[in-house]
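>>> What would the 3D arrangement of this be:
(2 chains)
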Amino acid sequence: AQSVTQPDIHITVSEGASLELRCNYSYGATPYLFWYVQSPGQGLQLLLKYFSGDTLVQGIKGFEAEFKRSQSSFNLRKPSVHWSDAAEYFCAGSSNTGKLIFGQGTTLQVKP
Amino acid sequence: DTGVSQNPRHKITKRGQNVTFRCDPISEHNRLYWYRQTLGQGPEFLTYFQNEAQLEKSRLLSDRFSAERPKGSFSTLEIQRTEQGDSAMYLCASSYGTASRETQYFGPGTRLLVL
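Numbers count the residues shown, from 1 in each chain, chains lettered A, B, ... in the order given. Predicted coordinates:
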């Protein structure tokens, strides 16, 4: 069965520090992969997506993600975290019908 | 482009009552998705429409749930005889393009609390 796993439920980083959020997928073929961010009371906002080609994908707000087929991973990174980045982050994979399969989410807390 | 809108934003109801939520997608988006998100979890797929046709329903969608998208525009999600376990955030998303490669744009959600 298709699945997306985010091993870290909660992560705390200091403002200005680097960030990496983990995402692993299990699909029969390479899925299309997405990272979304959700702030309290808000809907999901797309940060970036991977379909094919260059395995390093650039997104909005200074985020990037790297697709690694050998590790079935699609980790999200940011070199320097800002307090406004505190939110919940979801990794998702797309099935061939377009429906998204989400991971459990990682809550990011940013320390001043 | 005003984005995806959902109404109401919050709904409190008593167990056994019926509730209906509305989603207005981005204009000209042919696909519309409903997801449910419970506390501490990622969204889970419920159903989706391509234009007015409902093409897939999750096993999560019991007989008490029904969704429509008349004329391929807005969509409604109705829950009959609500149960406390229905308490969740209901998210709507819309997209345009080829299924797997599309970007889904999400609305702010409707938070349902069943007492």
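>>> For chain A, which segments count as helices?
Remark: no helices are assigned in chain A by DSSP state H.
>>> Can you tell me which residues in it are near chain B?
A:4, A:6, A:31-32, A:34, A:36, A:41-46, A:49, A:51, A:90, A:92, A:94-105 (CB under 8 Å from any CB of the partner chain). Every residue, glycine included, has its C-beta placed from N, CA and C.
>>> out of those residues, which are buried?
The neighbour count (16 or more other CB atoms under 10 Å in any protein chain shown) marks A:4, A:6, A:31-32, A:34, A:36, A:43-44, A:46, A:49, A:90, A:92, A:94-95, A:98-105 as buried among these.
>>> Out of those residues, name the ones that lie in strands.
The members of these that map onto strands under DSSP state E are A:4, A:32, A:34, A:36, A:44, A:46, A:49, A:90, A:92, A:94, A:100-102.
>>> Would you mind reformatting those residues (as CSV) and adding columns for pLDDT and distance to residue B:23 while you're at it?
Converted to CSV, those look like this (pLDDT from 0 to 100; distance: CB to CB, whole Å):
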residue, pLDDT, distance to residue B:23
A:4, 95, 24
A:32, 89, 23
A:34, 95, 20
A:36, 97, 18
A:44, 93, 14
A:46, 95, 18
A:49, 93, 22
A:90, 98, 19
A:92, 96, 19
A:94, 88, 20
A:100, 93, 16
A:101, 93, 20
A:102, 96, 18
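>>> and which of these is nearest to chain B?
Proximity to chain B was ranked across those by CB to the nearest CB; first place goes to residue A:102, at 3.2 Å.
>>> Contacts only, for the residue lying closest to that closest one once chain neighbours are set aside.
Leaving out its chain neighbours, the residue that sits closest to residue A:102 by CB to CB, 6 or more residues apart in numbering or on different chains is residue B:42, at 3.2 Å. Applying CB atoms under 8 Å, 6 or more residues apart in numbering or on different chains to residue B:42 gives the contacts A:4, A:6, A:90, A:92, A:102, A:103, A:104, A:105.
>>> Enumerate the beta-bridge partners assigned to the third one.
According to DSSP bridges, the residues that bridge with residue A:90 are residue A:36.
>>> doesn't residue B:43 make contact with it?
Yes. With contact defined as CB atoms under 8 Å, residue A:90 counts as touching residue B:43 (7.4 Å).
>>> Common neighbours of the two, please.
By CB under 8 Å, 6+ apart, the residues touching both residue A:90 and residue B:43 are A:44, A:102.
>>> Disregarding residues adjacent in the polypeptide, which is nearest to the most centrally placed residue in chain B?
Taking CA atoms, centre = their mean, the centroid of chain B lies closest to residue B:34, which sits 3.2 Å from it. Spatial nearest neighbour of residue B:34, excluding adjacent residues (CB to CB, 6+ apart): residue B:46 at 4.3 Å.
>>> Tell me the secondary structure at the one you found.
Here residue B:46 is recorded as strand under DSSP: H, G, I helix; E, B strand; the rest coil.
>>> so who does the nearest residue to residue B:5 once chain neighbours are set aside touch?
Closest residue to residue B:5 apart from its sequence neighbours, by CB to CB, 6+ apart: residue B:24 at 4.6 Å. By CB under 8 Å, 6+ apart, the contact set of residue B:24 is B:4, B:5, B:6, B:7, B:73, B:74.
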